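Participant: Sequence isn't available, so here's the structure alone:
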């Protein structure tokens, strides 16, 4: 049943955000001066859903904030720079998005990013859990399979109940769905605005599982084409890194996807029903304690995990291959905090 709800709702809502939101919704971007942070902040500034946009980074934030503040839209922009201003930046936040960290370069895997980015997410999640524990937290910083468990462990360490943290901490995997929609639409000659392909699992390599059997409208591919398309979706981030030839990773598409997720979340928090996004969250659906699935969003965060749905044999094999990798990634994040 979840598949029908997911398909019918998301296709209509995905690209047609209403203006329903809190009258005083504050969104905070941590890492706002970076390759993802700047275009993400621009997209957020253009949204009527947001009244206050709070930007933080370790450098250049006042300039980014001043630049954005000249745009003739509703959101008032403030810039904060350096650790001593982090808590002030976070105060009163409804949603916090974290794109902070170093990007991938050619030849790097997401695991290569771990040592630097793990510490960044740990420190930012620590501040969020103390200053704005009821805010929704969207983790963009890679490797998401590990950084989301890091954030969750920091919330637990600071006394946040596990059930509360589980409802409010999201790994933003929307880009995997965006890519799947785009690639499937291209392959079938479909209107991409009317295509939806749910993506489950994690947010890197073989942990990314596009569930093409649940696509709307229904699509089918010969087995060799399906396998090739799956691999392209799984390695799409590397495709961008290599195309940029050392100049960066997927920044613009990630900013678009993160903004889309944020808008859905803000509308759900304002009481708009039927807001559904795929996200990597605390989960008991598989042997992995974090897992991405379609999530129904509500006023308090996750209102319902819509599950995996019915997988075909090919997707079941993808799931079997993903679980050991996911479990290793999760343990790596948890061990980073707890050791």
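Facilitator: That came through, no problem. Because the structure is predicted, anything quoted here is derived from the model rather than measured.
Participant: my guess is residue 138 is in a strand, correct?
Facilitator: Yes - Residue 138: assigned to a strand according to DSSP: H, G, I helix; E, B strand; the rest coil.
Participant: what does stretch 144-155 contact?
Facilitator: With contacts defined as CB atoms under 8 Å, 6 or more residues apart in numbering, stretch 144-155 is touched by 110, 114, 117-118, 121-122, 125-126, 128-129, 133, 137, 139, 141, 165-166, 169-173, 202-204, 207, 280-282, 289-290, 325-326, 329-330, 332-334, 336-338. For every residue, glycine as well, the C-beta is placed using N, CA and C.
Participant: For the lengthiest helix in the chain, which residues meet the burial criterion?
Facilitator: Taking DSSP state H as the criterion, the chain has its longest helix at helix 313-338. Applying a neighbour-count criterion of 16 or more other CB atoms under 10 Å, one finds 315, 318-319, 322-323, 325-327, 329-330, 332-334, 336-337 buried in helix 313-338.
Participant: Would you pull up how far that helix lies from the middle of the chain?
Facilitator: Chain-centre distance of helix 313-338: 18 Å, with CA atoms, centre = their mean, to the nearest Å.
Participant: my guess is residue 82 meets residue 58, correct?
Facilitator: Yes - if you go by CB atoms under 8 Å, residue 82 and residue 58 touch, sitting 6.1 Å apart.
Participant: Show me where this structure dips below the pLDDT cut-off.
Facilitator: Along the chain, segments meeting pLDDT under 70 span 1-23, 104, 106, 108-111.
Participant: Please parse the chain into its domains.
Facilitator: 21-171, 174-334 (automatic domain parsing).
Participant: and the longest strand for the chain?
Facilitator: Longest strand of the chain, by residue count under DSSP state E: strand 290-298.
Participant: That one vs helix 313-338, what angle?
Facilitator: Going by axes from the mean of the first three to the mean of the last three CA atoms, to 10 degrees, strand 290-298 is angled at 90 degrees with respect to helix 313-338.
Participant: Partner strands of the helix or strand that comes right after strand 290-298 and their direction?
Facilitator: Next along the chain after strand 290-298, taking DSSP states H and E as the criterion, comes strand 301-305. Strand pairing for strand 301-305, determined by DSSP bridges: strand 290-298 (antiparallel).
Participant: what sits against residue 34?
Facilitator: By CB under 8 Å, 6+ apart, the neighbours of residue 34 are 57, 99-101, 103, 251.
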